[in-house]
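Colleague: output the structure for:
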Amino acid sequence: MELVKRGRSSSWALMAMVVLMLVAHSEVKMGEGAQVSPSQCKEERQLGINNCKSLVFGQPASPACCQRIRVSHWECVCPAFDAKLAALIDVNRAISILKGCGRRVPRHFKCGALNFP
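Modeller: All right, here's what the predicted structure looks like:
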């Protein structure tokens, strides 16, 4: 559980990890202006949870998880990042995972209450 700060619940950690993994595609999707329905967002979040939950336990991202990172919409993810959830994330470790999946993380990117350096 390298990504999650020690002493936090694993259910919060799972949710935080999945949400963070979906953030990475934002620089691609932001300019597209595509509207995503609430049901599409819900489906994307569930697919992210199913494909990326092993990350919470320190395992590397699977090909299916990396694919989910590349195709999910930021509009579905960022609203979930309140201060409580953002406090659970080790941003540097998350950036490493995102880069490992081939996704660039924009400098000074802000997603909800989560801030990337």
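Colleague: contacts only, for residue 44.
Modeller: 22, 36, 68, 72, 73, 76 (CB atoms under 8 Å, 6 or more residues apart in numbering). From N, CA and C alone the C-beta is placed, and that goes for glycine too.
Colleague: what helix or strand is the second one located in?
Modeller: For residue 36, there is no helix or strand it lies in under DSSP states H and E.
Colleague: now for the contacts of residue 44: which two are most distant?
Modeller: 36 and 68 (14.7 Å; CB to CB).
Colleague: what about those two, which has more around it?
Modeller: The neighbour comparison of residue 36 against residue 68 (other CB atoms under 10 Å) goes to residue 68, with 23 against 15.
Colleague: and the more buried one, how far is that from residue 45?
Modeller: Separation of residue 68 from residue 45 (CB to CB, to the nearest Å): 10 Å.
Colleague: residue 107 now?
Modeller: 26 Å.
Colleague: between these two, which is the more surrounded one?
Modeller: residue 45 (18 against 7).
Colleague: check which helix or strand the more buried one maps to.
Modeller: Using DSSP H and E, residue 45 falls in helix 38-52.
Colleague: where does the prediction get shaky in this protein?
Modeller: Confidence mapping of the chain against pLDDT under 70 gives the ranges 1-34.
Colleague: 90 instead?
Modeller: 1-36, 44-46, 48-49, 54-59, 69-82, 85-99, 102-107, 109-117 (pLDDT under 90).
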